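> Pasting the sequence and the predicted coordinates here, then a few questions.
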Amino acid sequence: MTFRNYIWLPLVLICGELFSQNKAVEAIKTEQAPKIDGRLDDAIWSTLPAISDFVQNFPTYGLPCSQKTDVKIAYDNFAIYVGAFLYDDPSLIRKQITARDGEQQSDVDYFAVFFDTYNDNQNGFQFLVTTANVQTDARLGPNMGDEFSPGDKTWDAVWDSKVHMQANGWSVEMRIPYISLRFSKKEVQSWGLQLLRFIRRTNESSYWSPVNPQVNGFVNQFGDLNGLKNIIPPLRLSFSPYVTTGYRNSPQPNGRLNEWLRNGGMDVKYGLNESFTLDATLIPDFGQVISDNVVNNLTPYEVRFTENRQFFTEGTEIFNKANLFYSRRIGATPDGYFGVRGFVGANPNWTIVKNPSVTQLYNATKFSGRTEKKLGVGIFNAVTAPMEAKIRNTITGKDSVIETSALANYNIVVLDQAFKGRSYVTFTNTNVIRNGNGRDANVTAVDVALYNKKNTKVLRGTARYSKIWGANPYDGYNTTLRYDKVGGKWNYYLSGNVESKRYDPNDLGILTAPNEVTYRGSLSFRQPQPTQNFITYSYSISPTLQYLYQPYGFSRFSVAGSAFWVFKNFWDVSVEATVIPGQERNYFELRTDGRYLSYPTNYSLDIGGSTDSRKKLFVRFGGAYALAPDYDNFYHSISLGMRFRFTNRFSLDLQTDSHFEENQLGFAFAREINGEPIVGFRDNRDFISVLSGIYNFTSRMNLTLRARHYWNKVSYISFHNVDSKGYLLSRPFINGQDENYNAFNVDAFLTWDFRLGSRLILGYKNWLGDDEVVNLTGKNTYLRNLGELFSLNHGNEFTIRFIYFLDYNQLRKKH
């Protein structure tokens, strides 16, 4: 330990003791709202006390913020006002312009304010402004994010901010209207308050109320904003009508389909009172979203796609608390879509007139909020339209209509009671009702978390029951129990999970593999304070034991060890090693009830990391190696990503991932005449490249581009039957099982937020047709596949979308 460390250590210990007490500030009500221009020259600011004395969270917890920061807060019956002066050398302030919610790993300083309006130490709101006046906002909740990137950033609120560069730093003003907040109805209120300053050149995060990395949780470490009196908020009512038009040309099995796109609808937000809000979307259009990362799925497990539709991402944290809401179920591809394409492809005398690939949503509503006694209530409903395909007989000229999806009603009800000290009990019910003889489903769940008074131990438990109605009704259950030691340098947990054979939450949730009993444990160590060589580092070891639930039988045992280091130059490296000793029984690979496939002992090693993201060139790297010697099975992967920041407005990012597995053993998508599954050894190679870029014209206008190519080549070596103990039996070779699969997408959007809450979006999408195949002779490589793509049939779509935000109170003032 150096002499400098000896000097700082007593100060850090003293500060840690002082910071253990909650900070508090009195709220000041104003009669004259400040003008939001970022200058802080309104008279109201000079009358308010300054909030200062920020404390570092990273890289060295407990030290004072390296730069002086003064913050002032006021409120009236319409909004909360925040003014901050962030002292600094103007020549050193980083000012990159980013997309909204895109400040992380960007070259920009920022300031943020957080409110825990119910003061329950669990839920809250974040409002962040960068030096380029780009906004980020997020909803906070239990087990969401961390002190570096807390909460759900897909939530977008309507609020105002301005930034001004000063001779000795920079200043920011924020106006956060009550339409963007929720709080209980009390004459005198006390909210949780947190303030954050981030200085990019030193990667320094400092909070007003210290956030100790050894204390579990984030919102529970807020200070207090006391004395909010007699808030009489105006009616919280806003409308966002929209219109969309465009043109789509897409390849079909026997030709091309041309469509003029036109749609219109409205989003409505209505505050029933201070605490509860109703969000509704009427006849929504979700065409302008990023394309899915489609893959050639050889596994028995469903691929989970990211949700990119704004209505289903913002303000849904209460509906996701039980992890039973997979919103991609709503408005998914109709069940009969591919059946129609397959029929027309196999019958050249038929052609497709209409076959919608997305289920139309009639409407969706969200009702949510929290009472004075900290009871959270959430009600969700969505109704999807019946979808029909129309096909035409080219000989007779007659059309046939086929229903590809039935009318469906999706519902979620959540009751979430927060208790003192971060404990909670949550009740969740999801159900799906389909028209006619369609399958109906219901899942009921209870989740409990009980923390001790010191917030160092927690006992979690869940219980779920699912019921399916239809031609073959069935039911099932799932229960878990987990005990954690949280906070401090050393942590551990023990957990058990039981999923019955027929437990099925997949009508509105997602579960890839039921019928399992899983026991897990983990022991971890984290060094939060910098050492001679590292800013922080951590180690963990985690054993897992799995059984099949019914009939009860051993599945696998594994042990994983991991390590993570952040170096003094802000590079980071992670390593994970896993061993599965002895025989593994995979009960899902054969897609056959009661059968399993045996795998021998295997080992794997994964390495990843990244360079200093402050630099113009930021590099991400990774690699993996795995082997199962008994089957001569080897796997390796290489990942390399590079982002280059050309200017404060323009940056490009290229991510490449290569995977190759030799002698991979898996289901060969073939069966014997008697239904017995056939497996095969195969060489499985894929390569993924994603090029993305952004040009920011202003803090409210940007052009984004994303192009992705995925290539997968599967070459079978031998085929086998499987005996009752999961071992392989020889059988003749099967021709025609090899695959050469390509997926290609381009998404480009010009987005202009021309006023608060209002937006104009121009979109272009290009994609490779579903039935297009690259047929190569000779050497089959990634570059040859990429070159051949552009000679195949692609779909194209051009759209324009106009959204206009209308606040009832602004309309009332004008009239």
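Looks like it came in fine.
> Report pLDDT for the nearest residue to G315 once chain neighbours are set aside.
Leaving aside its sequence neighbours, G315 sits nearest to W155 (C-beta to C-beta, 6 or more residues apart in numbering; 5.4 Å). Bear in mind the C-beta positions are built from the backbone N, C-alpha and C, glycine included. In this prediction, W155 carries a pLDDT score of 83.
> how near is W155 to P241?
W155 is 21 Å from P241, where distance means C-beta to C-beta, to the nearest Å.
> would you list every one of the helices in the stretch 351-500 of the chain?
Read by DSSP state H, counting those that start in this stretch, the stretch 351-500 of the chain holds no helices at all.
> In this structure, where is pLDDT below threshold?
Applying pLDDT under 70 to the chain picks out residues 1-21, 143-149, 813-815.
> Which stretches in it count as helices?
Under the criterion DSSP state H, the chain contains helices at 3-19, 43-46, 337-346, 782-789, 808-814.
> distance of V113 from N220?
Applying C-beta to C-beta to V113 and N220 gives a distance of 17 Å.
> Which residue of the two possesses the greater neighbour count?
More neighbours surround V113 than the other of V113 and N220, with 23 against 18 (other C-beta atoms under 10 Å).
> In this structure the more buried one contacts L195, no?
Yes. Using C-beta atoms under 8 Å, V113 is in contact with L195, at 5.7 Å.
> list residues touching both of these two?
Counting by C-beta atoms under 8 Å, 6 or more residues apart in numbering, the common neighbours of V113 and L195 are V71.
> Need the phi and psi values for the residue nearest the centre of the chain.
Central residue check for the chain by C-alpha atoms, centre = their mean: the C-alpha nearest the mean position is that of T306, 6.7 Å away. Phi and psi for T306, reported as degrees, to the nearest 10, are phi -70, psi 140.
> got a list of what it touches?
Going by C-beta under 8 Å, 6+ apart, T306 touches 292-293.
> From A743, how far off is it?
Using C-beta to C-beta, one gets 15 Å for the distance from T306 to A743.
> now do N220
44 Å.
> Next: R309.
Counting by C-beta to C-beta, the gap from R309 to A743 is 21 Å.
> Hmm, V377 and G369 touching each other?
Yes. Using C-beta under 8 Å, G369 makes contact with V377 at a distance of 6.2 Å.
> Do you have the strands of the stretch 551-700 of the chain handy? List them.
553-567, 572-580, 584-586, 597-599, 602-610, 617-628, 633-645, 650-671, 677-698 (DSSP state E, counting those that start in this stretch).
> Distance to S522 and mean neighbour count added to the ones you listed, as JSON lines?
Output for the strands of the stretch 551-700 of the chain, formatted as JSON lines (distance: least, C-beta to C-beta, whole Å; neighbours: other C-beta atoms under 10 Å):
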{"stretch": "strand 553-567", "distance to S522": "9", "mean neighbour count": "16"}
{"stretch": "strand 572-580", "distance to S522": "13", "mean neighbour count": "17"}
{"stretch": "strand 584-586", "distance to S522": "21", "mean neighbour count": "20"}
{"stretch": "strand 597-599", "distance to S522": "24", "mean neighbour count": "19"}
{"stretch": "strand 602-610", "distance to S522": "17", "mean neighbour count": "17"}
{"stretch": "strand 617-628", "distance to S522": "21", "mean neighbour count": "16"}
{"stretch": "strand 633-645", "distance to S522": "25", "mean neighbour count": "16"}
{"stretch": "strand 650-671", "distance to S522": "27", "mean neighbour count": "17"}
{"stretch": "strand 677-698", "distance to S522": "30", "mean neighbour count": "18"}
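> could these be laid out in JSON lines, adding distance to N168?
Formatted as JSON lines, the strands of the stretch 551-700 of the chain follow (distance: least, C-beta to C-beta, whole Å):
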{"stretch": "strand 553-567", "distance to N168": "32"}
{"stretch": "strand 572-580", "distance to N168": "34"}
{"stretch": "strand 584-586", "distance to N168": "64"}
{"stretch": "strand 597-599", "distance to N168": "65"}
{"stretch": "strand 602-610", "distance to N168": "34"}
{"stretch": "strand 617-628", "distance to N168": "30"}
{"stretch": "strand 633-645", "distance to N168": "27"}
{"stretch": "strand 650-671", "distance to N168": "30"}
{"stretch": "strand 677-698", "distance to N168": "26"}
